[in-house]
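Asker: Kindly return the folded structure for what I paste below:
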Amino acid sequence: MVARASRAASEQLQYREQTHHDQGQHAPRRDRRRRRRRHPGLPGDPLRTGPHRRPPLQGGADGGALAGTYDATKIRHRSWQPQPEGIFTELLERDPVEYSRAEDCLFLNIYTPGCDDGRRPVLFWIHGGAFGSGSGYDYNGTALAAQGDVVVVTINYRLGFPGFLDLSAYGDDYRGSASNGIGDQVLALRWVAENIGDFGGDPGNVTIFGESAGGASVNCLIAAPSADGLYHRAIAHSGTMATTPPIPIATSLAEHLGVGTDGLLDKLASLDGEELLNVQMASALPFGAVVDGTIVTRPTTQAIAEHGARCVPYIAGSNANEGTLLSLAVPEEGHEAITPMIAAMALDGADPTAYLERLRTAYPDASATRRFEHVWNDMFRRASITAAAAATAANDCGWLYRFDVPTTIREGSLGATHASEIAFTFNSFSRPDLPGIVMHDGNDPAVAELARKWSDTVLAFARTGNPNGGGLPEWPVYRADERQSLVLDRASYIADASLDTQQRARWESP
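Answerer: Okay, here's the model as predicted:
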């Protein structure tokens, strides 16, 4: 069970492109020899039957050159993950495709105005989903690529236990396993650096951007030395930061599986992808953005400070009502019990007792669900403020926003909820015929106007490293002594420190 995979099997696991021109969905075959990236994944894929099966949950590797012609006309697998339910089914209704799930999931989509020598800015999107769901296929870059004459890349990476289970105690083969998914993102960035010129992109101008777990991934990549030089601007939408080491869970997982810790690897190796997913869901053990020491080597703010004048231009922000969507993802009876854990995450692992007491004082009549939602709001806001201020302190290059436009889904009950700004970033309202997560009425002129201006702001940032010039108010960098931020609303404006005074008092008070 510890033999390495056969060359024929392992070389089929690589980063492969699926290319889209912005005037249609044509995806050409590629017949050039190009470097590809592979990851060994978990045993159980049909490509790895028989005796040559690689140990589970290891990091990625360079798979060498791809010979011959690769058919890039078909959407391939996404990582193993649970099927969407409830509100998330509603959000994905614009994309009726049911994607297959497999360990062999490292694919990226490229949306380009042309496969020429254009050397266009590249926007590299990392999807969210709490590191356990989602894929690059949920986001369509056609409108953004055409609007800004840029290349948009959306990627997949390993999720759940294959991407984020810490097995580093089992030896060097598993060093960094708690951040395998981040390692996959680094491999995708390397692929872009080596190949995006063939698709009209400039490998010297790559903006990494993502939302939720994707925003946290952006912040992890900033703290990953192996990613240095592969990106040149960064945008973290509703992203937390890597601040703490992995929580040791191998013993708990072994107990859940009914084996000793010395038998855990063999047990994991006996599971196929769906069985491992079932174990992940049943065990409810935590995983996510951590400082693993191998891939993500230090906290995000420390990395920003160490980069100093090399710190890339950086935008961070959150939404006014993040928690209203997330409370729908957790059964209501669990809100009160889970709140302290989320609060500790918001405080970088610190004891949340005093913070929660201040929250109860601020909202004495709030239900357990409302407090649960407030903690999510504070978590994303605190991380955004902290990271933006750090970037400005390092290199005068951090900007902060807050998205305030109430959604119209669920009769407007969710406010400006988690992930609702993504459609504005991609300007999905300009192409209602394409897949995308949309929570606002695109026929509302104010919504359409803000989507155009915000997406133009993102494009200006990707092109120049400065977000100004897209039609929004002049946006200053976020300084800890001034605390000016951009509020995206039906009438956007620059807010002063009072915007976040109450929230900051909750987490900054001794």
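Asker: how many neighbours does Thr69 have?
Answerer: Applying other C-beta atoms under 10 Å, we find 10 residues neighbouring Thr69. Where you see a C-beta, it was placed from the backbone N, CA and C, and this is true even at glycine.
Asker: Val122 versus that one, what's the distance?
Answerer: For Thr69, the distance to Val122 equals 24 Å [C-beta to C-beta, to the nearest Å].
Asker: go on, Ala316?
Answerer: Going from Ala316 to Val122 by C-beta to C-beta gives 20 Å.
Asker: Check Gly181 too.
Answerer: Taking C-beta to C-beta, one finds Gly181 at 21 Å from Val122.
Asker: quick one: contacts for Thr361?
Answerer: By C-beta atoms under 8 Å, 6 or more residues apart in numbering, the contact set of Thr361 is empty.
Asker: from now on call the first residue 18
Answerer: From this message on, residue numbering opens at 18, which makes the last subject Thr378.
Asker: Quick check: it is in a helix.
Answerer: Yes - under DSSP: H, G, I helix; E, B strand; the rest coil, Thr378 falls within a helix.
Asker: What distance do you get for it to Ala522?
Answerer: Taking C-beta to C-beta, one finds Thr378 at 11 Å from Ala522.
Asker: which stretches of the stretch 318-467 of the chain form strands?
Answerer: In the stretch 318-467 of the chain, the segments counted as strands under DSSP state E, counting those that start in this stretch are 331-336, 415-420.
Asker: what packs against the last one?
Answerer: What it means is strand 415-420. Other elements packing on strand 415-420 under the criterion 3 or more C-beta pairs under 8 Å, 6 or more residues apart in numbering; DSSP states H and E are strand 331-336, helix 385-412, strand 502-505.
Asker: Please name the strands paired to it in the sheet, noting orientation.
Answerer: Its sheet considered, strand 415-420 pairs with strand 331-336 (parallel), strand 502-505 (parallel) by DSSP bridges.
Asker: Of the ones you listed, which stretch is the most buried?
Answerer: Counting by mean count of other C-beta atoms under 10 Å, strand 331-336 has the highest mean neighbour count of the strands paired with strand 415-420, with a mean of 29.
Asker: what angle sits between it and helix 385-412?
Answerer: 160 degrees (axes from the mean of the first three to the mean of the last three C-alpha atoms, to 10 degrees).
Asker: ok, the closest residue to Tyr191 other than its chain neighbours - contacts?
Answerer: Spatial nearest neighbour of Tyr191, chain neighbours left out: Leu184 (4.1 Å); criterion: C-beta to C-beta, 6 or more residues apart in numbering. Leu184 is in contact with Leu74, Tyr191, Ser194, Ala267, Leu281, Leu282, counting by C-beta under 8 Å, 6+ apart.
Asker: and which of those is nearest Glu339?
Answerer: Distance to Glu339 across those (C-beta to C-beta) is lowest for Ser194, with 29.3 Å.
Asker: show me where pLDDT drops low in this protein?
Answerer: 18-83, 109-114, 527 (pLDDT under 70).
Asker: For the spatially most central residue of it, which residues are in contact?
Answerer: Central residue of the chain (C-alpha atoms, centre = their mean): Gly231, 0.9 Å from the mean position. Going by C-beta under 8 Å, 6+ apart, Gly231 touches Trp142, Ile143, His144, Gly145, His254, Gly256.
Asker: from the contacts of Leu184, which single one is nearest Asn338?
Answerer: Proximity of the contacts of Leu184 to Asn338, judged by C-beta to C-beta, is greatest for Ser194, which lies at 35.2 Å.
Asker: how close does the closest one get to Gln319?
Answerer: 22 Å.
Asker: Compare those two and say which one has the larger neighbour count.
Answerer: More crowded of Ser194 and Gln319, by other C-beta under 10 Å: Ser194, with 26 against 15.
Asker: Okay, the more buried one and Ala411: tell me how far apart.
Answerer: Per C-beta to C-beta, Ser194 is found 30 Å from Ala411.
Asker: before we move on, what about Gly153?
Answerer: 30 Å.
Asker: More neighbours: those two, which one.
Answerer: Gly153 (24 against 21).
Asker: so how far is Val169 from that one?
Answerer: Distance of Gly153 to Val169, computed by C-beta to C-beta: 10 Å.
Asker: just to revisit the earlier point, pipe the strands paired with strand 415-420 into a markdown table and attach distance to Val308 per row.
Answerer: Below are these laid out as a markdown table (distance: least, C-beta to C-beta, whole Å):
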| stretch | distance to Val308 |
| --- | --- |
| strand 331-336 | 19 |
| strand 502-505 | 27 |
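Asker: Excluding chain neighbours, what is closest to Glu228?
Answerer: Among residues not flanking Glu228 along the chain, His254 sits closest, at 3.8 Å (C-beta to C-beta, 6+ apart).
Asker: and the one you found, bridged to which residues?
Answerer: Beta-bridge partners of His254, as defined by DSSP bridges: Glu228, Gly334.
Asker: so it sits right up against Glu438, yeah?
Answerer: Yes - contact criterion C-beta atoms under 8 Å: His254 and Glu438 qualify, at 6.3 Å.
Asker: so what sits against both of the two?
Answerer: Glu228, Gly334.
Asker: How far off centre is stretch 374-390?
Answerer: Centroid separation for stretch 374-390 versus its chain: 28 Å, with C-alpha atoms, centre = their mean, to the nearest Å.
Asker: Quick one: end-to-end distance for that stretch.
Answerer: Across its full length, stretch 374-390 reaches 15 Å between end residues, using C-alpha to C-alpha, to the nearest Å.
Asker: Show me which residues of stretch 206-225 are buried.
Answerer: By neighbour count on 16 or more other C-beta atoms under 10 Å, the buried set for stretch 206-225 is 206-210, 212-220, 222-225.
Asker: from those residues, which ones fall inside strands?
Answerer: With DSSP state E as the criterion, strands contain Gly218, Asp219, Pro220, Asn222, Val223, Thr224, Ile225 from among the buried residues of stretch 206-225.
Asker: Give me the nearest residue to the third one, chain neighbours excluded.
Answerer: Computed as C-beta to C-beta, 6+ apart, the closest residue to Pro220 that is not its neighbour in sequence is Ala210, at 4.7 Å.
Asker: pretty sure the one you found is in contact with Leu247, am I right?
Answerer: Yes - taking contacts as C-beta under 8 Å, Ala210 lies within contact range of Leu247: 5.5 Å.
Asker: any common contacting residues for these two?
Answerer: Shared contacts of Ala210 and Leu247, defined by C-beta under 8 Å, 6+ apart, are found at Val223.
Asker: Run through the residues that contact Phe478.
Answerer: Taking C-beta under 8 Å, 6+ apart as the test, what Phe478 contacts is Thr224, Arg250, Ile252, Pro330, Ile332, Pro484.
Asker: Nearest residue to Arg496 in space, please, no chain neighbours.
Answerer: Arg496 sits nearest to Thr409 (C-beta to C-beta, 6+ apart), 5.5 Å away.
Asker: Share the number of residues neighbouring the one you found, please.
Answerer: Counted with other C-beta under 10 Å, Thr409 comes out at 22.
Asker: what's it in contact with, if anything?
Answerer: Thr409 sits next to Gly415, Val494, Tyr495, Arg496, Ala497 when contact means C-beta under 8 Å, 6+ apart.
Asker: do Gln164 as well
Answerer: Counting by C-beta under 8 Å, 6+ apart, Gln164 touches Asn444, Ser447, Ser472, Asp473, Leu476.
Asker: rerun at 7 Å
Answerer: By C-beta atoms under 7 Å, 6 or more residues apart in numbering, Gln164 lies in contact with Asn444, Ser472, Leu476.
Asker: try Arg175
Answerer: His56, Ser96, Cys122, Asn197, Gly198, Asp201.
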